[in-house]
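Peer 1: Give the three-dimensional model of this entry:
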Amino acid sequence: PTPAATPSPSPSAEEDVPQSVEEQRQAVEQKVGAEAWAAATGLQAPADLAADPSLAEKLAPFADLSGREVAVLPTQMQFNVPTISCLQLDDRPPASISDPEQQAVSCEAGSIKNLLDVAKVLGTDVSSATAVRDQTSQWVVSLDFTRSGGEKWTALTREAFNNEGQACDASALGDEGRCRVAVVLDNQIISSPQIQGVLVGSSQITGNFTNAEASELAGYLSYGALPVTFEAQEQQNVTATLGASHLRAGLLAAGIGMLLVIVYSFFYYRLLGSVIFLSLVASALLLFGAMVFLGRQIGFTLTLAGIAGIIVSLGVAADSFVIYFERLKDEIREGRSPRSAVPRAWIRARRTIISANAITIMSAVVLYIVSVGTVKGFAFALGLATVLDLLVVFLFRHPIMTMLASTKAFLSPRVSGLGRVLPARSAPTQPRNQRAKEA
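Peer 2: Numbers count the residues shown, from 1 in each chain. Prediction:
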């Protein structure tokens, strides 16, 4: 057989490492091809495809780029290449426009591409934005600025109103021939008002707004005043080796948590601690089987957040033991024998156990529905482990307690873990037995 000209690279862990912007840009260059990249790099202004049909064919590959790929292109290329549409620009990841010292490209009304200057006023310079009525009863948006923000706003309006140094080209002029200022949020232009004068202090944005429109714009401006972004701007992908070590550390933490619960159970409940131990082992086996089944059927993957949910479920399982065993002690204190106290304690503790686990399951369901990302894995694992704990409670724990109630060890104060309760019943019975023998 003829050997391949270029051997296929074998998958490596390094392929999952996040690339720099320059590396991502090189990947895009390879995707569109050298001819398209050279044609786009040579553009000094937006290309007129009608005047040069051959250029349209060269630049066609840029139309196939995703929003994330478009985001790594140079600003001038995003603006000058006409085959890069506003749909692609609007699809860029949030915070793609984040550096106030760099020019940016943004779309207005979903179809008008604009080249924006560096940011002269930031969202954090706005102290408040509210929808109010002006003297003519028209709805306007009133803006107030911070002390430093007010100075920046005055300088910006002076530059725009006087068009200093021809800062605005013809496309940036409004209907009245005055420069417009773009208000950008989440990569999109949400408003582009014309500057009517040099503004000092509070200002208003007018535009024949309705109450809803003015309130919406005021809300956008207020959101921009928050110095936060709701999507991480940096992500870290680990190699398979490092991921495996994290997984082992999570499983080790789960094992330590389970061991601590078991040690404390034997210390406090003695023989009853064996019930806790066997129940947790049964729950672990069921959980492992469920995850293997779900992994093969729907591709479920156990994450660190899922392991955290399993660890939390250990506490939920331990709570059900405490409820049952303490209810058993209460029944014995009321004068019942251990054998008769077991079924009665089960009936009275069962409702509490079901209620507590039902609340945990509902919380997990709600968290799974409203959350995203790794939190879903936490909620899913917590809910699954809690459901399996309920099965173990009904199908294993109560039957084994019924069996233990008929053994001699269960009646021994030292062995059973009921030592603080059983002597209280046996003490008054001893004199009655002695009097019976004397009689």
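Peer 1: you'd agree I311 is up against A254?
Peer 2: Yes: contact status for I311 versus A254: in contact at 5.2 Å, counting by Cβ atoms under 8 Å. Where you see a C-beta, it was placed from the backbone N, CA and C, and this is true even at glycine.
Peer 1: got the domain boundaries for the chain?
Peer 2: Residue ranges for the domains of the chain, per automatic domain parsing: 18-93, 123-224, 250-424.
Peer 1: Same list (these) but as a markdown table, adding mean pLDDT.
Peer 2: Shown next, in a markdown table, are the domains of the chain (pLDDT from 0 to 100):
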| stretch | mean pLDDT |
| --- | --- |
| domain 18-93 | 87 |
| domain 123-224 | 83 |
| domain 250-424 | 77 |
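Peer 1: Out of the ones you listed, which gets nearest to L115?
Peer 2: domain 18-93 (4.6 Å; Cβ to Cβ).
Peer 1: What segments of the stretch 201-350 of the chain are helices?
Peer 2: 211-224, 240-269, 271-298, 304-333, 338-370 (DSSP state H, counting those that start in this stretch).
Peer 1: Of those, flag the one that's most buried.
Peer 2: helix 304-333 (a mean of 19; mean count of other Cβ atoms under 10 Å).
Peer 1: For that one, name the packing helices and strands.
Peer 2: Counting contacts by 3 or more Cβ pairs under 8 Å, 6 or more residues apart in numbering; DSSP states H and E, helix 304-333 is packed against helix 240-269, helix 271-298, helix 338-370, helix 374-392, helix 422-438.
Peer 1: One more pass at 10 Å, please.
Peer 2: helix 240-269, helix 271-298, helix 338-370, helix 374-392, helix 398-404, helix 422-438 (3 or more Cβ pairs under 10 Å, 6 or more residues apart in numbering; DSSP states H and E).
Peer 1: Could you dump those helices into TSV with distance to D330 added?
Peer 2: Output for the helices and strands packed on helix 304-333, formatted as TSV (distance: least, Cβ to Cβ, whole Å):
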stretch	distance to D330
helix 240-269	15
helix 271-298	15
helix 338-370	7
helix 374-392	23
helix 398-404	15
helix 422-438	12
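Peer 1: Identify whichever of those helices lies nearest to K58.
Peer 2: helix 240-269 (40.4 Å).
Peer 1: Tell me which other helices or strands that closest one touches.
Peer 2: Looks like helix 240-269 contacts helix 271-298, helix 304-333 (3+ Cβ pairs under 10 Å, 6+ apart).
Peer 1: As JSON lines, those with distance to L43 would be great.
Peer 2: Shown next, in JSON lines, are those (distance: least, Cβ to Cβ, whole Å):
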{"stretch": "helix 271-298", "distance to L43": "48"}
{"stretch": "helix 304-333", "distance to L43": "46"}
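Peer 1: Of all those helices, which one is nearest L260?
Peer 2: Using Cβ to Cβ, these put helix 304-333 closest to L260, at 9.0 Å.
Peer 1: Between helix 271-298 and that closest one, find me the angle.
Peer 2: 150 degrees (axes from the mean of the first three to the mean of the last three Cα atoms, to 10 degrees).
Peer 1: how about the strands in the stretch 1-150 of the chain?
Peer 2: Under the criterion DSSP state E, counting those that start in this stretch, the stretch 1-150 of the chain contains strands at 104-108, 112-116, 126-133, 139-145.
Peer 1: Would you check how far apart E331 and R339 are?
Peer 2: E331 sits 11 Å away from R339, going by Cβ to Cβ, to the nearest Å.
Peer 1: Surely T303 is in contact with M291?
Peer 2: No: if you go by Cβ atoms under 10 Å, T303 and M291 don't touch, sitting 11.3 Å apart.
Peer 1: shared neighbours, those two?
Peer 2: Each of A381 lies in contact with both T303 and M291 under the rule Cβ atoms under 10 Å, 6 or more residues apart in numbering.
Peer 1: ok, back up a step: relative to F161, which of the helices and strands packed on helix 304-333 is closest?
Peer 2: Nearest of the helices and strands packed on helix 304-333 (Cβ to Cβ): helix 338-370, 46.9 Å.
Peer 1: Can you mark which positions in stretch 91-106 are buried?
Peer 2: D91, R92, S96, I97, Q103, A104, V105, S106 (16 or more other Cβ atoms under 10 Å).
Peer 1: and that stretch, how far from the chain's centre?
Peer 2: Its chain's C-alpha centre and that of stretch 91-106 lie 23 Å apart, by Cα atoms, centre = their mean, to the nearest Å.
Peer 1: gap between the two ends of it?
Peer 2: Terminal residues of stretch 91-106 are spaced 11 Å apart (Cα to Cα, to the nearest Å).
Peer 1: G315 versus the closest residue to L278 other than its chain neighbours, what's the distance?
Peer 2: Leaving aside its sequence neighbours, L278 sits nearest to I400 (Cβ to Cβ, 6 or more residues apart in numbering; 6.8 Å). Remark: distance between I400 and G315 (Cβ to Cβ) = 21 Å.
Peer 1: So the spatially closest residue to L173 that is not a sequence neighbour versus Q103, what's the distance?
Peer 2: The shortest distance from L173 to any non-neighbouring residue, by Cβ to Cβ, 6+ apart, is to C179 (6.3 Å). Distance, C179 to Q103, by Cβ to Cβ: 16 Å.
Peer 1: same check, this time on F79
Peer 2: Distance from F79 to Q103, by Cβ to Cβ: 9 Å.
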